[in-house]
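# sequence first, then the predicted structure, then my questions.
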Amino acid sequence: MLHNRRGAWRSLPGTPLVRRSVRALRRYGLRGAAFRGWTAFRELPATRRTAKQARAFDVATGVETAGVVRLEALSIESENAALGHRYQASEAGSLRRTLASLPVEYEQFVFVDIGSGKGRALLVAAEFPFKQIIGVEFAPELNDVARQNLAAYSGERRCAWIEVITADAADYSIPDDPVILYFYNPFLEPVMSRVMDRVSASLGAEPRPAFIVLTSGTPFQTIVQRAGFARVNDLPDDVSDEVYAGPVMAPAR
């Protein structure tokens, strides 16, 4: 009888929302959960516009990157699984504008998407002639979809070397080349602190140009600046992402 009651409770309308609310309370506390709920409500019209644009991108290029995937539905073997955020694709136009604004010679840089999901950012980055493009994602199912998207993509591709790696970002070693690290709010701050510790150690051992891109709403500014990165302020007005440059600057284009 108890089992049946539990099953009936799970089948009630709105129950997924209740479960998400409970998880938010446990993770962020009452004030944090309330703030995030209000923010999500306030941004609902923009979220719907982004979803429409995401579907248009998929239709135009023959891929499947739209939609939301919650991490609890995936088989993730990582101690940081509970610290990750759901999958939601980057907005293609916003990323395209950001990458076009960077003062770099693309052929010298490796673009790394930390938390690459189904690969939308990798496909947009492929429109630029980067030396290499890497996606780092700890959910194997999302990586499988990303590889399928890379094979099916019919859009412009100016970078031939694109790799998807199944790894926990906290354990990932960045390339030895000049690098651009892209973050679309993939996880909570404890993981970002570990990521930046590894980035700082790598740049300290082999000084080279490095940039960090934080999408709008990605709250890692303090951690990034603490690692010696300075915000780039002279970007075009239509760039909504925040860009930070490492201690070693890149030659201007």
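Received, thanks.

# CA only for contacts and neighbour counts going forward, please
Fine.

# neighbours of the residue lying closest to residue 162 once chain neighbours are set aside, how many?
In this structure, residue 162 finds its nearest non-sequential neighbour in residue 133, 4.7 Å apart by Cα to Cα, 6 or more residues apart in numbering. Residues near residue 133, counting by other Cα atoms under 10 Å, number 25.

# okay, and residue 133 sits in which element?
Using DSSP states H and E, residue 133 sits within strand 132-137.

# can I get that strand in CSV? Just the C-alpha atoms.
Backbone C-alpha positions of strand 132-137 (Å, rounded to 0.1, in the frame of the first residue of the first chain) are rendered in CSV as follows:
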residue,chain,number,x,y,z
GLN,A,132,41.5,23.2,-32.8
ILE,A,133,38.1,23.0,-31.1
ILE,A,134,37.5,20.9,-28.0
GLY,A,135,34.3,20.1,-26.1
VAL,A,136,34.6,18.9,-22.5
GLU,A,137,31.5,17.2,-21.1
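
# gap between the helix or strand following it and the chain center?
Using DSSP H and E, the helix or strand that follows strand 132-137 in sequence is helix 140-152. Chain-centre distance of helix 140-152: 15 Å, with Cα atoms, centre = their mean, to the nearest Å.

# in the chain, which spans are strands?
Using DSSP state E, the strands of the chain run over 68-69, 87-88, 110-114, 132-137, 162-166, 179-183, 210-214, 230-231, 242-245.

# would you mind finding the most buried of those?
strand 110-114 (a mean of 26; mean count of other Cα atoms under 10 Å).

# just checking: what are the partner strands of it?
strand 132-137 (parallel), strand 179-183 (parallel) (DSSP bridges).

# all set, thanks.
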